[in-house]
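[1] Provide a 3D model corresponding to the input given below.
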Amino acid sequence: MYWSDRDLDKIEEADVNGLNRRVIGVSGDPITLGVYGDLLLWTDHNDTHHSRRGIYYVHISEGLESRSFVSSPALYPWGLFIHKDKAVICPDDIDVVTTSSETAIAWNSTVDNQTICDPSSGSFFLVGSTVVTCSAIDENNQEICTFVVTVEGNMNESSMLLIGLCVSAGVIVAALISYIIYRYYFKKMDKEKKKNDTDNNGYAANDIVVVSQDIIETSTTQRKKTFGYSNTLEEERSENQPGYLDTGVPLESFAPINTDLPEDVINELIVDLANWLNKNGNIYMLKLLLLDFDKIPIADIEKEEDAFELFQLLQTFGLISTTNIDLIIETFSLCGWLGAENVIKQNVPSFEGKVKGINVTRFSQGRQNLIALGRMLDETKRHTICHWYNIAVDKNAYKLLFELDSKRHVLKDVSIFIDKLHRKNMKIEANVLKRGISL
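    Predicted coordinates:
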């Protein structure tokens, strides 16, 4: 509790039981008090020295050194009302260095209402960056703010040696496991290949019919029946109609799939690629790439969580068809989904190309840079970026990039985003993002 003493010209505080009494402010004629976070404010009449009339304050945590907001002999302040814009104000980001694996960190938040921080002040923080979220609630409002606590380890030589040994052991074990899996997988593939060569001397036309029939009998049958391509779509589109895509590059220079294949074969290939992506890929990489096409509403991309439905959007807006699925193939190449080659070869035995290394022409350089950037965002960097925009941290870097770019925070204001990366010492990431684009 706090009170003013006009006779002794001072302001004091004490616990509600009267203990720990101390003087925290000195003033000529203190009248009305008010508290705002760590600030104690009061009005001063000062009948002796009129020039000192005004409104004064002191930091409660520091005390004694009074400062004035305003003072003038023309003033005669009495009442005091404090308007609070925010119920909670977080401190600046906290950076500490420790010689242990964790350290206790406390802070002072400027608050007037009951405040809860997660983690709480005084908690132990591990080496790395942790986002702290504080919230305060009164009868009408709830306020939330966040800040980042970064703990840097300064380990002694023995600790570094122990960690180095553990890392080395982990690398050796991982390499051994990878070698065993590699030998097992390719030995199995070699046996299957020899068996096929012995039985059929490779795939024959009848083999494809059987595979297609097996696929049709699965749960994807309905999808294949409803994937509504039009045979005349390419003929109907022109550069004066919506949906026309003119890359300026002849189709033959980058088309990895034989476009003379029957429509049902292409449809089955598209469905199987979608199923493969749902199981093995990252759907948010595809959604991030689709933001490159202004003709597709962002709301339509946001609501879809299935690769097949996203492929349907590409078809609806004239970006793929049964005679041209290069956009899908370029997507798989750009995202590094090389396992899809087996899916293509199962549907199109004549395919002899590679998904890897295809010349990507359908996506802008900035969009390609975002895919590369996503591979570089570890947990600490994701925490930092989320703190900039006050959003929840997600383990999926591409979900984070999609959320930001769909709100025009990245490529739309790429210079600002790159500057933020530089200021947080993410220079390599900044160079990757600006590669090949004019700022």
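[2] how far does stretch 10-18 stretch from start to finish?
    Start to finish, the residues bounding stretch 10-18 are 17 Å apart (CA to CA, to the nearest Å).
[3] and if you look at stretch 8-17?
    22 Å.
[4] hmm, who's touching that stretch?
    Residues outside stretch 8-17 that contact it (CB atoms under 8 Å, 6 or more residues apart in numbering): 1-5, 20-30, 33, 40, 42, 58, 60. Glycine gets a C-beta too; all of them are placed from N, C-alpha and C.
[5] Residue ranges in the stretch 201-350 of the chain under the pLDDT threshold?
    Where the stretch 201-350 of the chain drops to pLDDT under 70, the residues are 201-260.
[6] go again using 50 as the cut-off
    Within the stretch 201-350 of the chain, the set of residues satisfying pLDDT under 50 comprises 201-255.
[7] so where do the helices sit in it?
    Ranges of helices within the stretch 201-350 of the chain are 205-216, 221-226, 233-236, 263-280, 283-290, 298-303, 307-316, 326-335, 340-347, based on DSSP state H, counting those that start in this stretch.
[8] Please compute how far the fourth one lies from its chain's middle.
    Read it as helix 263-280. With CA atoms, centre = their mean, to the nearest Å as the basis, helix 263-280 stands 28 Å off its chain's centre.
[9] in that helix, what counts as buried?
    For helix 263-280, burial by neighbour count (16 or more other CB atoms under 10 Å) applies to 265-277.
[10] Now do it: which elements does it pack against?
    With contacts taken as 3 or more CB pairs under 8 Å, 6 or more residues apart in numbering; DSSP states H and E, helix 263-280 sits against helix 205-216, helix 221-226, helix 307-316, helix 326-335, helix 340-347.
[11] How about residue 367, nearest residue that isn't a chain neighbour?
    residue 292 (4.5 Å; CB to CB, 6 or more residues apart in numbering).
[12] In this structure the one you found contacts residue 368, no?
    No - using CB atoms under 8 Å, residue 292 makes no contact with residue 368, being 9.4 Å away.
[13] The chain - how does it break down into domains?
    Following automatic domain parsing, one gets these domains for the chain: 2-71, 88-153, 203-363, 369-433.
[14] mind putting those domains in a markdown table, distance to residue 164 included?
    A markdown table is the format used below for these (distance: least, CB to CB, whole Å):
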| stretch | distance to residue 164 |
| --- | --- |
| domain 2-71 | 43 |
| domain 88-153 | 14 |
| domain 203-363 | 31 |
| domain 369-433 | 20 |
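[15] Indicate which one of the ones you listed is closest to residue 176.
    domain 203-363 (23.2 Å; CB to CB).
[16] picking up where we left off before, mind checking which of the contacts of stretch 8-17 are in strands?
    The strands, defined by DSSP state E, take in 2-5, 22-26, 30, 33, 40, 42, 58 from these.
[17] Filter those residues down to the buried ones, ChimeraX style.
    Buried residues among the ones in strands among the contacts of stretch 8-17 (16+ other CB under 10 Å), as a ChimeraX selection:
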select :4,24,25,26,30,33,40,42,58
